[in-house]
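structural data only, the sequence is not supplied:
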């Protein structure tokens, strides 16, 4: 029976009552209208009336009929009998004749306007299924549920479970074969042969060409960049990069490429010809993009490394030269003293200086000061000045291997890049250095690049171009069309007819007017109200002062006092913590899986199916190994088939990846949101964002330097988002410690849970005026914790407005004309983000610097100043608001402490070389922490229910201040035992611990 993609639970609940209908469902599906009662009145016997009413309600509720119509919940029968004024004592014994049951079903179908599932309906469903499969990679079990909902919505009687499952399996199989055939048919014989050669081991080599191409670079150096460019050339030489695949489903191409990335070469070789060529084709096209990313990551890392090494060398040399500089300064000091001595006649000053000091020492001192004192050169030039020899090692290959494009503002830079390409090409057409484009060279570089009127220093010019290219590439002012991460974000924005069609809908969704004048009037009114509210409360607000310093007003706010903890809260926390059952982390994961089916979200990378013997056990073991940073060997058990090392390695490669981790995490977040205790902590509308720092001691492109966090090593930041119910709903891996404001919006727009946080808190490093503007435009509230209010500016829209006692404070005027002129582009940008057309991180990069998107970044910053001022006024006025920000940020920091306790292996260092590995391991860490939070919340809720039975009512304020971020009762060390008691595996909770007399006495003493 081909229903192997269905879980037993899913197959069992299909077309059945999973539980008693809720009161709302009874009112919606089992209410009998006057027309219904008239229809049922046509049956003479009371049991046939009630039986037909049961079948009528069942069809409305389930979309099908039960094999045994009388096997319905008693509450359904009672609800219907009450409306028919009948008794329901013996109807189930009498309503049994097959002919009667079938006749009633036919009549109910006709009365309700349903259609039987015949050949015509099967054809329509198949067409709908083809559309779903072609446009998404939804797994078959989810597709089964979607098909069921679609049939119910179309008022078609559901077919049998095997009929629907076979149809879905057939559609998926045919769609896959059709896609393979389309991909293969686009390849000519030469291209097919080139792809087939990837699976062959060349003579004298140990690895296939596929394995060599799949190995990404890890070392940041000039030779490594040359090797990465050579790898990119090998990929391009396969000749399939220019074949268009835009008409094929992108999601399925991504899945094929991912499978080829992780599968063994032998596995690919054993595939049928069509599938093998299609898989390799999709992989090579994706590899060209990722290989280009690797080249640009290497270039970025190398330029950063050269600048850091040069700056370190410059500082070291300056420290060594300070003694010489001091001696020279003392000599010059003597000369200046003589010059300033009024008793020495002017005519004798020179003779006096030369006589006392001597001409040679004086000239030597002046030369030393000139050589050692700081120059007006750009610090970046000083840092890179000794790197030309290193640059020459990779520059020729980079010039030939990467094609850069750019925004209009990048034209001078691209002209200079093409000049360098012509210089490297040589030949008769080689331009002279005097003809080098000059407009890209800033004034701070000009003295070194152009030492004379018609002179050009080739080394300095080359370093200047590379430095400008590096900066422009970071902000995507310059981009590479064939790159995944360094492409042009502007090209993905809504444009032309697409924007015109979506314009009004986007404005309605954002609750904004298309007329900028209307919006500016609204913003001005909001600012006035905010200033007026603070001004009126100023005389009574003892925590707020407006003071003067150096003639400038600024705001001073008293620090928040520590929130007192009542004795009842302390006692409650101690009692609950002591009652939590002791549990192994491995068993905790299995228990959470038993009531959330989190492992059901992990599908195979190739076929999207989940079925494999004891797969949940293997997945939980892999998740624990990654989250605890202990490796697969620590959890492997050779005597357990599902826990052998080869099995765990296979599961890790084929099941655990970013998309499945996100889907599993969504199940945990949703499970937490349904618990009453979690709802007492928050409704999911508030979240915080903060980063965890991890040292990365292995060679990798995807780590950065920061002495404060990583010492002499490199590391990454795991920027994660915590909801007010203590669950993490998204995470982003950032090399080093890039500015967090680049990523803070992405967490809200790209997260895949059912939470919809509308307000987000962050520390000061997550703040920028552009972030304020984008958040407000998209309907979010940004609430950072500011470190120093005295540095903050308060803004106004109208210079003539009078804000009373705050008039001088809000003296800075917003350039409203910029907002007015760019309003349509601002809405277009917000609509593109809202509809997922463009990634938030790419947009934030372009808006962080002036010159991008024709001034749109500056317009967004001006808009952000309005929202920042409103936030500042609320922040300084409302102590409860400031405390709410602090409480939420503390929840995020507490979650980080719990994650550190879980991630205890290998000194807490992240030992992954590639970005995907980092994302997968830290995603597994976030998932396990969420599992622990959910487990703790369930048992805390059970303990609270028991408390109410024995101790009486609880103070809601005490409950709201409880935390599930506890781990003392969870064993994360030693031997990992993946077994569960039968009762717990069946869904029951473990018994709570009873406090011993000794623990109880300690609690009372406390």
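Sure thing, it's come through. The model shown is predicted, which means the values in this text are computed figures rather than measured ones.

every contact and neighbour count from this point should use C-alpha atoms.
Will do.

list the buried residues in stretch 571-584.
572-582, 584 (16 or more other Cα atoms under 10 Å).

buried stuff in stretch 355-362?
Residues of stretch 355-362 classed as buried under the neighbour-count rule (16+ other Cα under 10 Å) are residue 362.

so of the buried residues of stretch 571-584, which ones are in strands?
With strands identified by DSSP state E, the entries of the buried residues of stretch 571-584 that belong to them are residue 584.

now, the most widely separated pair of the buried residues of stretch 571-584?
Between any two of the buried residues of stretch 571-584, the greatest separation by Cα to Cα is 24.4 Å, found for 572 and 584.

point out where the stretch 351-500 of the chain drops to low pLDDT.
Judged by pLDDT under 70, the stretch 351-500 of the chain has its weakly predicted residues at 371-381.

quick one: the helices in it?
Ranges of helices within the stretch 351-500 of the chain are 359-372, 379-384, 388-401, 411-425, 443-449, 458-474, 496-510, based on DSSP state H, counting those that start in this stretch.

distance to residue 130 for those - can I get that in JSON lines?
As requested, the helices of the stretch 351-500 of the chain are arranged in JSON lines below (distance: least, Cα to Cα, whole Å):
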{"stretch": "helix 359-372", "distance to residue 130": "74"}
{"stretch": "helix 379-384", "distance to residue 130": "56"}
{"stretch": "helix 388-401", "distance to residue 130": "41"}
{"stretch": "helix 411-425", "distance to residue 130": "46"}
{"stretch": "helix 443-449", "distance to residue 130": "60"}
{"stretch": "helix 458-474", "distance to residue 130": "41"}
{"stretch": "helix 496-510", "distance to residue 130": "26"}
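
out of those, which is closest to residue 729?
helix 496-510 (23.3 Å).

buried sites along the closest one?
Buried residues in helix 496-510, counting neighbours by 16+ other Cα under 10 Å, are found at 499, 502-503, 506-507, 510.

equivalent analysis for stretch 477-496, please.
Applying a neighbour-count criterion of 16+ other Cα under 10 Å, the buried positions in stretch 477-496 are 477-483, 485-490, 493-495.

among these, which are in strands?
With strands defined by DSSP E, the entries of those inside them are 478-479.

re earlier: and residue 76, which of the helices of the stretch 351-500 of the chain is closest to it?
Checking these against residue 76 by Cα to Cα gives helix 496-510 as the closest, at 40.6 Å.

which strands or helices does the helix or strand following that closest one pack on?
Later in the chain than helix 496-510, the nearest helix or strand by DSSP states H and E is helix 516-537. Under the contact definition 3 or more Cα pairs under 8 Å, 6 or more residues apart in numbering; DSSP states H and E, helix 516-537 sits against helix 816-834, helix 856-877.

so for helix 516-537, what gets flagged as buried?
With burial defined by 16+ other Cα under 10 Å, the residues of helix 516-537 counted as buried are 516, 519-520, 523-524, 527-528, 530-532, 534-535.

residue 117 is nearest to which of the helices of the stretch 351-500 of the chain?
Taking Cα to Cα, helix 496-510 is the member of the helices of the stretch 351-500 of the chain nearest to residue 117, at 37.4 Å.

show me what the closest one is packed up against.
With contacts defined as 3+ Cα pairs under 8 Å, 6+ apart, the secondary structure elements packing on helix 496-510 are helix 816-834.

show me where this protein dips below the pLDDT cut-off.
Within the chain, the segments meeting pLDDT under 70 span 1-9, 135-138, 317-318, 371-381, 607-611, 737-742, 765-766, 845-846, 848-854, 995-1006.
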